[in-house]
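Q: What would the 3D arrangement of this be:
(chains A, B, C and D)
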Number of protein chains: 4
Amino acid sequence: MIKRYENPQIAEIWTDESKLAAWQEVELAVIEARDALKIIPEEIYSKIRDVLRANPVDIAWWRDREKETQHDLQAWVEERVRHLPIELRQYFHEGMTSYDTEETPFLMLLHKSLTVVYAGCDALKSSLKDKAIKYRYCPQMGMSHGQFGEVQSCGKRFLTWYKEIEVAEENVRTQANNLRFSRLSGAMGNYGGVSPEVEKKTLELLGFEPFYGATQILPRQIFGPLAEALAGLIAVISKIGTDIRLGARSPRPIYQEPFGKNQTGSSRMPHKKNTILSEQLEGMERMALGYLVMIMQNIRTWEERAIEQSCVERIAWPDLFHVVMRSLTVCIKIMEGLQVYPDHMIKDISDTRGTWAAGPAKEFLRERLAPFGITTEEAYRIVQLASFMAFQPSRWAKDIRKNPPQSFKAADKLLQIAPAASMQSGFSVIDLIISKAQLSVIDDLDVNEDQISNWNSALRALTFDEEWQKVFSVKDRLKDEAVLYKEILGI
Amino acid sequence: MIKRYENPQIAEIWTDESKLAAWQEVELAVIEARDALKIIPEEIYSKIRDVLRANPVDIAWWRDREKETQHDLQAWVEERVRHLPIELRQYFHEGMTSYDTEETPFLMLLHKSLTVVYAGCDALKSSLKDKAIKYRYCPQMGMSHGQFGEVQSCGKRFLTWYKEIEVAEENVRTQANNLRFSRLSGAMGNYGGVSPEVEKKTLELLGFEPFYGATQILPRQIFGPLAEALAGLIAVISKIGTDIRLGARSPRPIYQEPFGKNQTGSSRMPHKKNTILSEQLEGMERMALGYLVMIMQNIRTWEERAIEQSCVERIAWPDLFHVVMRSLTVCIKIMEGLQVYPDHMIKDISDTRGTWAAGPAKEFLRERLAPFGITTEEAYRIVQLASFMAFQPSRWAKDIRKNPPQSFKAADKLLQIAPAASMQSGFSVIDLIISKAQLSVIDDLDVNEDQISNWNSALRALTFDEEWQKVFSVKDRLKDEAVLYKEILGI
Amino acid sequence: MIKRYENPQIAEIWTDESKLAAWQEVELAVIEARDALKIIPEEIYSKIRDVLRANPVDIAWWRDREKETQHDLQAWVEERVRHLPIELRQYFHEGMTSYDTEETPFLMLLHKSLTVVYAGCDALKSSLKDKAIKYRYCPQMGMSHGQFGEVQSCGKRFLTWYKEIEVAEENVRTQANNLRFSRLSGAMGNYGGVSPEVEKKTLELLGFEPFYGATQILPRQIFGPLAEALAGLIAVISKIGTDIRLGARSPRPIYQEPFGKNQTGSSRMPHKKNTILSEQLEGMERMALGYLVMIMQNIRTWEERAIEQSCVERIAWPDLFHVVMRSLTVCIKIMEGLQVYPDHMIKDISDTRGTWAAGPAKEFLRERLAPFGITTEEAYRIVQLASFMAFQPSRWAKDIRKNPPQSFKAADKLLQIAPAASMQSGFSVIDLIISKAQLSVIDDLDVNEDQISNWNSALRALTFDEEWQKVFSVKDRLKDEAVLYKEILGI
Amino acid sequence: MIKRYENPQIAEIWTDESKLAAWQEVELAVIEARDALKIIPEEIYSKIRDVLRANPVDIAWWRDREKETQHDLQAWVEERVRHLPIELRQYFHEGMTSYDTEETPFLMLLHKSLTVVYAGCDALKSSLKDKAIKYRYCPQMGMSHGQFGEVQSCGKRFLTWYKEIEVAEENVRTQANNLRFSRLSGAMGNYGGVSPEVEKKTLELLGFEPFYGATQILPRQIFGPLAEALAGLIAVISKIGTDIRLGARSPRPIYQEPFGKNQTGSSRMPHKKNTILSEQLEGMERMALGYLVMIMQNIRTWEERAIEQSCVERIAWPDLFHVVMRSLTVCIKIMEGLQVYPDHMIKDISDTRGTWAAGPAKEFLRERLAPFGITTEEAYRIVQLASFMAFQPSRWAKDIRKNPPQSFKAADKLLQIAPAASMQSGFSVIDLIISKAQLSVIDDLDVNEDQISNWNSALRALTFDEEWQKVFSVKDRLKDEAVLYKEILGI
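A: Below is the predicted model of the structure:
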């Protein structure tokens, strides 16, 4: 991974130093297991352990040697063995093939990387939880298909994101748990060098269980689910990023990414606060899908093994972890500095002209108008008509829609009168249109005068009591969100 | 492809009937070639041709036979041969392997499908061109990072989309041109059955050139570029769909998808006009990427050939073409019925409070204030300060941002006063703030009283003449768009 | 999916009929839940249920209606409601949005499809188990990097495949278990229409649990793991297919795909038994990766929902299941008719000239030669030298390698003498070379006369007793495979 | 890219230093263009150019500054401007947005990288051409479906690979040619800062043409084809790698990867020469597909631009080029040291027992037996029967196939008699079976005694003259390969 997007903890875990240390852990565990099973003479293990721990690996020596042999494990074995007295040498890497040594360390690095990921998830969840609580009672328009839908609380959206992260993290943990198996069963997987007993004991010492039925390597299918889980986590974070971008759009952002007091935006457009962090999250998602594609192909190999997967794993896994961590880190940064604008949310709701409660308004009318012979279908049409009436364009707007400007000069003129012109329209809200029985014919809906007259009569006869007011009450509408807070956060 | 998304022309091209007809074309062309080269006795060709054309394939017979042999080409050869007199049979499929017959027809179906695609591209481009011309002088805010950037014409955005389609189609045509090669060079590609002369003549009759260096099949690398080009076209259409969705967002859509006069939206939310067509375009893009992934893997095969690619090609190619055509058809439908709202575009510009021209305003000040000792950097800061001042939140908004509502009851109250409250703020526009020398200290920018006082003095000394007005003139700003219309549409 | 690769059971599950039946199950369960919670009057539920069950959906009517409304769920609601008496109509689909109805059925179809997949896995495992037992004692060369490695039993390779399928199926089951959650929480996911109590009860009736924290839809991340698991299963089957292909290669196949007694191979090359079934498995893997790519992208959506994912899910899921089933079915067919050639396996081992036991031979020498002052490193070199000696090319071969034929005439001559020429070489086996102390200098290894003379002396002094014979005993070498049979099959 | 797989030339091209140098080229070209168009005062350009060239970028200063601004381009502009006298500063980066500066350099780096790729392709083609010529007359069995098919020359396979690389490289060059367009058209792509004239002149100076119809960036669709072409090239190299692996398999490799005289193979299995290089090529292909997936997704962006694509391009492009170069380098290494075994190829042909010419043998019989009343179909059956007879297993083999060993002890016994047992079978070759009229009944083909008797009579009556010998002549069979050498290599 390039420096720009590198996570230092992940980078540390995937260094050569870290890998070689893990190799040594495995080799020593094998000897310790043989010691415990009385296969080798007493004190062999402790002697080897002491010598090797006293002599750290000479990385430069090892790299030089690898260049000659083209075999990193073999070069390392030679580096290690040279520190041992002659009589101990035969006990080191005895009867093992390269992947007996290498397979478990690969798993160890994965598990270590996951620890870093979990910490990131915790921090992000914590930040999302805070926001969910802080904005629990702050209403905003829920959006489906990019359109104002029904009202919800701003906190509930944060809560949904919290849940997304929780589910994604849970998926990662589930898949990680399936990586508790490893192997040291020889070149063909039938214990040509290390016996089943030694394998079991060794893995126990290292915190793993034997995978029975491997070949020279673990079947690569077992890594796919983890890659999917990580790619899924990144995609979920990217989805949150998309929502931030959508919420931050001109002309009326409901939130914006953190922006420093001395930060300069575009040199050309100084007023802008760009959502560059959130956008990067989508870039990360694109990469994650690529790494998943790489890793999924590793399942295919030949017979007892071939080494197609090795180079892919050396690159795709650390890079995937870097991308996970970059996503988490950027999302945490966004959340912690997020500027939230409840005033704009309120303005949004106000701008829906009452349609945010069109659903329950329809239910109210359905029940109350039934005695007047108004059907369910008609109740629906009344609310629809009122909604469309509330959004009828002004004459100015109608005209300009029909005849867009035909020169830039005309455009400049329109621009000058725009502020005034847009004030003209006598917008109304659907609760008034309905309760005042003001339904009337409009262009874009097929309803005739007679129907409307009939409906207005019925509406006039109706009492719009407290229940009607409850229809347009955020309090009433959002009461069941309490269940979500209880079930998800336990509060 | 499921019926719902199927294109009838593409479906027709990829039927068994169509494929078998193409196989027959190839077999006849081989015989015709041998006739032309005097390899076979005179009149053999015309006799076989006449018999086969007089006897259409019995599809049911063929399917039954295929079930037995598990070999579709062999079953078809048997179906055809049975119509021929004994003495002619040896000349049919003589010395050929299956892929000598099958390869060219596959290319023929691809080329036929492309003809359908080109017609779709033409229709879409025509629609986009109309819109680009109609809205050539209608100003709208250009958007970068989802933020109002600088002004552009609405027509120019359509023009950009037009260009995207043109480039994508050009890419398809380039790759298709590379599919003018085919082969009939036998089981190993070294002319075990058909001679180089017969291959050349046959392909000439069919409108192809020989590919020298094939194995039993054409190398599958030659199909990847076409799949990429088609996936690219779909992605470009999806990008246009995304822009439609973004423009259609509440609260102030600048365009909306076509919506029927009797159409019912959501049963629950009758006011909504959802962007379901544009959203489907992104779904199509997702699928196209999947089909590209499938096809790219077909390059890998064993030695002179194996048949891994066959099932993939039977499915991925027609499905990819269906997805292309669905994307084109849906996008054409959107464009032809698109509702465009210039009034909202004008309102957007107005809402930028002059910042849409912040760039040239800065250039103006840089030049004019230089004699007063104001540096380039300061000119930038003046415009930035004015921009930030223009967007200072009202007291009501500031308060609610700091203290979001802590109960739904409080939220309901806020909602009641919202329409009035949001009118309070005495917003100004940057051209006035600057020309009236009204700069003042604000919270979110590090500028001190002394600096501001100095700047205001300089501004007061300045003449804001016609040049200043040009800064805020759409006409002046968009004059170079003419170059784009000339270069792209030739008008 | 095209007919050719369609699985009839999967096709049945994903028909419109099947989907509509599931929709009805959900709608009825909602009413039943409201009945159980005493929200609606008594007998409403039973009446509606009886009417709807008595009146099957008119698919043609529904399709016509859908064409008008462009909304399949709405068209279906209308189809259903028309059968109900006026007074019952309000209770059907009451307060629900489309995805309250549609989400659970989607999950139901997935679960149904999985049942078919599990049955396929069972059949394949059963077939692999039989083979693992039948060939438990039949030795074959294990292969790494396409090279003869160490000996293993043929049964053990089947056992490894069995384990691969078992693990892959287990992964599918794990992910499926995570799909036990569903939702009916309204347009924004905050219970705008259906209350939390009704949701819970409804889902309980349908065998699901509520997912708290959804939006209008379940977050799409929850489907990725299942897609990965299915793609993983397909990839594992493809890996088995690759191994079959590798084993079936000329000149000495160890197994071959089933081949009918009356089957005709290539019309041109009648002797061939092509591995067309196994090759198709790789094609299926390529497609599966494509479908996974499609489905993974569905995680991204906007805010409380948009409908990008819908078309992808309509296509990718059934097609992915067809591909899974095709893979399973083809693999089962291969396994059930597989022709296994133990004679060729034996011949392979014989052809390794003793190197199949080079590892333990080295261990033997290391221990026994130590008293003669021969180091571990030298023991290794002795075995290596013997191995290389065993494979020295004949003079004829050496010559032809150096000077390949320079005309086809020369090639024809070589071909005539080939059978005799290849008999010339006095190949030996490493157990003889070593035990007879016949080491000598060769070209391609850096060992000098003195060393070799020294080694031969030591070897001559050694007793090659029973232990040496055990080194070359399959019985001794494969004794630990018993552990694998016990752990995997419990036998 | 990790060090292990890094290409030094590619790494150099994608360093910060290299990128910043390209940025400076663009900025200077803009000023030079304005100078040429007399937009700025004389000598401004030469002064700026001299100062900047005299003052190399201080990378450390720039990196520190970037950390503050989070904007690499802006930080660099500041670094550059500080070297200029006050009065020149306004002419640097004047009226430009970041991507006016950055876009062209990105293209420049791509083109530079391609130069490295082309050199690699040349080297590989040269190596393949040598082999194609050297082994032009060396016969080998062509393989389809992993089975011996018909004979071909070993040179022809190299020739096919040569052609694959040539086609793939041609594809890269075609796509690269489409990257000759660039842009500097401002924040919205409508020349808000730089005029069309300046853009044109600047690009001309840099060797590019203007792309009319861009937004703030070039549409990302134009990069997909290049990514596809590179991934295609890698896939083609991987296909060659697969063929090497297949050819190198035990027991009778026809070629092997280079193997050093002092190289140690597996410590456990000293006789092995693993195809680790070829296998790595497949790993590279897997990665390339991932990078292609990443890059294809970059087409999607919002409106006039958002920055999702940036991080992907910073990583995927250099990594993709490293993977291309690794593939080329490894493949060249394999080819240059490849060990080719014509003796084994000859042995393979010999082992086909004449079936390598079964096709023309059938043609011979068809013609010659016609006068005896033998049909085309029967001629086919005669050759098939002869082929099957030639491969009848020995009694020993039949027995062991029916009854595989039931203990390892039994297996050991089989192994002891294997060398002798496998000599028993009196194999014949099809030219003798046919010309000696030795057809007889066998188990696995449905032909009865009467038919066979009839056929043998006819065969006995036939003269097997020179024409029959030509059937089994490599010289005759491969004569048309000359066309391939002429068309592909011009020799």
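Q: Run through the stretch 151-300 of chain A and note the low-pLDDT ranges.
A: Within the stretch 151-300 of chain A, the segments meeting pLDDT under 70 span A:260-268, A:270.
Q: Tell me who's in contact with whichever residue of the stretch 351-491 of chain A sits closest to chain D.
A: The stretch 351-491 of chain A approaches chain D most closely through A:Phe408 (12.1 Å), counting by C-beta to the nearest C-beta. C-betas here are computed from N, CA, C, even on glycine. Contact analysis of A:Phe408 by C-beta atoms under 8 Å, 6 or more residues apart in numbering or on different chains lists B:Tyr137, B:Pro139, B:Ser153, B:Ser473, B:Val474, B:Lys475, B:Leu478, B:Lys479.
Q: ok, of those, which come out buried?
A: For the contacts of A:Phe408, a neighbour count by 16 or more other C-beta atoms under 10 Å in any protein chain shown gives the buried set as B:Tyr137, B:Pro139, B:Ser153, B:Ser473, B:Val474, B:Leu478.
Q: how about JSON lines for the residues you listed, with secondary structure and distance to A:Glu378 added?
A: Shown next, in JSON lines, are the buried ones among the contacts of A:Phe408 (DSSP: H, G, I helix; E, B strand; the rest coil; distance: C-beta to C-beta, whole Å):
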{"residue": "B:Tyr137", "secondary structure": "coil", "distance to A:Glu378": "45"}
{"residue": "B:Pro139", "secondary structure": "strand", "distance to A:Glu378": "43"}
{"residue": "B:Ser153", "secondary structure": "strand", "distance to A:Glu378": "45"}
{"residue": "B:Ser473", "secondary structure": "coil", "distance to A:Glu378": "52"}
{"residue": "B:Val474", "secondary structure": "helix", "distance to A:Glu378": "48"}
{"residue": "B:Leu478", "secondary structure": "coil", "distance to A:Glu378": "50"}
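Q: which of these lies closest to D:Thr376?
A: B:Ser153 (72.9 Å; C-beta to C-beta).
Q: my read: that closest one touches B:Tyr137, true?
A: Yes. Counting by C-beta atoms under 8 Å, B:Ser153 touches B:Tyr137, with 6.3 Å between them.
Q: which residue ranges form the strands in chain A?
A: A:139-144, A:147-153, A:181-182, A:209-210, A:255-256, A:339-340 (DSSP state E).
Q: for those, which one sits closest to D:Thr301?
A: Here strand A:255-256 is closest among the strands of chain A (C-beta to C-beta), at 19.9 Å.
Q: Neighbouring strands of that closest one in the sheet, and parallel or not?
A: Counting by DSSP bridges, the strands paired with strand A:255-256 are strand A:339-340 (antiparallel).
Q: surely A:Leu385 meets A:Asp443?
A: No. With contact defined as C-beta under 8 Å, A:Leu385 does not count as touching A:Asp443 (11.8 Å).
Q: D:Lys112 is nearest to which of the strands of chain A?
A: strand A:255-256 (39.1 Å).
Q: Give me the neighbour count for the residue nearest to A:Val172 when sequence neighbours are not counted.
A: The spatial neighbour of A:Val172 that comes closest, neighbours along the chain excluded (C-beta to C-beta, 6 or more residues apart in numbering or on different chains), is A:Ala229 at 4.3 Å. The number of residues packed near A:Ala229 is 27, by other C-beta atoms under 10 Å in any protein chain shown.
Q: now swap in A:Leu84 and tell me
A: What A:Leu84 shows, counting by other C-beta under 10 Å, is a neighbour count of 17.
Q: For it, give its distance to chain D.
A: 16 Å (C-beta to the nearest C-beta, to the nearest Å).
Q: How about the contacts made by that residue?
A: Contacts of A:Leu84 (C-beta under 8 Å, 6+ apart): A:Ile48, A:Val51, A:Leu52, A:Phe92.
Q: again, but for A:Trp302
A: C:Met143, C:His145, C:Gly146, C:Thr242, C:Asp243, C:Leu246, D:Arg245.
Q: count of neighbours near A:Pro253?
A: When neighbours are defined as other C-beta under 10 Å, A:Pro253 has 20 of them.
Q: Contact partners for it?
A: Taking C-beta under 8 Å, 6+ apart as the test, what A:Pro253 contacts is A:Gly247, A:Tyr341, A:His344.
Q: As JSON lines, those with neighbour count and distance to C:Glu336 would be great.
A: Below are the contacts of A:Pro253 laid out as JSON lines (neighbours: other C-beta atoms under 10 Å in any protein chain shown; distance: C-beta to C-beta, whole Å):
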{"residue": "A:Gly247", "neighbour count": "25", "distance to C:Glu336": "58"}
{"residue": "A:Tyr341", "neighbour count": "23", "distance to C:Glu336": "67"}
{"residue": "A:His344", "neighbour count": "21", "distance to C:Glu336": "67"}
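Q: Just the closest of those to chain B, please.
A: For those, the nearest to chain B is A:Tyr341 (6.0 Å; C-beta to the nearest C-beta).
Q: Find the nearest non-adjacent residue to that closest one, please.
A: A:Ile254 (5.5 Å).
Q: again with A:Val483
A: C:Pro196 (4.4 Å).
Q: Kindly report the same for A:Gly189.
A: A:Thr215 (4.3 Å).
Q: Touching, the one you found and A:Arg183? I think so.
A: No. Checked against C-beta under 8 Å, the pair A:Thr215 and A:Arg183 is beyond contact range at 9.0 Å.
Q: what about the residue nearest to A:Tyr341, how many neighbours?
A: 24.
Q: my guess is it contacts A:Asp343, does it?
A: No. If you go by C-beta under 8 Å, A:Ile254 and A:Asp343 don't touch, sitting 9.3 Å apart.
Q: number of nearby residues for A:Asn85?
A: To be clear, residue A:85 is Pro; Asn isn't right here. 9.
Q: so what pLDDT did it get?
A: Looking at A:Pro85, its pLDDT reads 91.
Q: mind listing what it touches?
A: Contacts of A:Pro85 (C-beta under 8 Å, 6+ apart): A:Val51.
Q: Phi, psi for it please.
A: Main-chain dihedrals, A:Pro85, degrees, to the nearest 10: phi -60, psi 150.
Q: Check the gap between it and chain D for me.
A: 20 Å.
Q: how close does that residue get to chain C?
A: Counting by C-beta to the nearest C-beta - A:Pro85 and chain C are separated by 13 Å.
Q: Derive a PyMOL selection command for the buried subset of the contacts of A:Leu84.
A: Buried residues within the contacts of A:Leu84, by 16+ other C-beta under 10 Å, are selected in PyMOL with:
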select buried, chain A and resi 48+52+92
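Q: about what we covered before: with neighbour numbers in mind, choose between A:Thr215 and A:Arg183.
A: Using other C-beta under 10 Å as the criterion, A:Thr215 and A:Arg183 rank with A:Thr215 on top: 29 against 26.
Q: Contacts only, for the more buried one.
A: A:Met188, A:Gly189, A:Glu303, A:Glu304, A:Arg305, C:Thr160.
Q: and these as TSV, adding neighbour count?
A: Shown next, in TSV, are the contacts of A:Thr215 (neighbours: other C-beta atoms under 10 Å in any protein chain shown):
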residue	neighbour count
A:Met188	31
A:Gly189	30
A:Glu303	24
A:Glu304	26
A:Arg305	26
C:Thr160	26
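Q: and A:Leu385 and A:Asp443? which has more neighbours close in?
A: Neighbours per residue (other C-beta under 10 Å) separate A:Leu385 from A:Asp443, with A:Leu385 holding more: 23 against 8.
Q: contacting residues for that one?
A: A:Leu439, A:Ile442, A:Leu445, A:Val447, A:Ile452.
Q: and these as CSV, adding pLDDT and neighbour count?
A: Below are those laid out as CSV (pLDDT from 0 to 100; neighbours: other C-beta atoms under 10 Å in any protein chain shown):
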residue, pLDDT, neighbour count
A:Leu439, 95, 21
A:Ile442, 89, 13
A:Leu445, 82, 14
A:Val447, 87, 18
A:Ile452, 94, 18
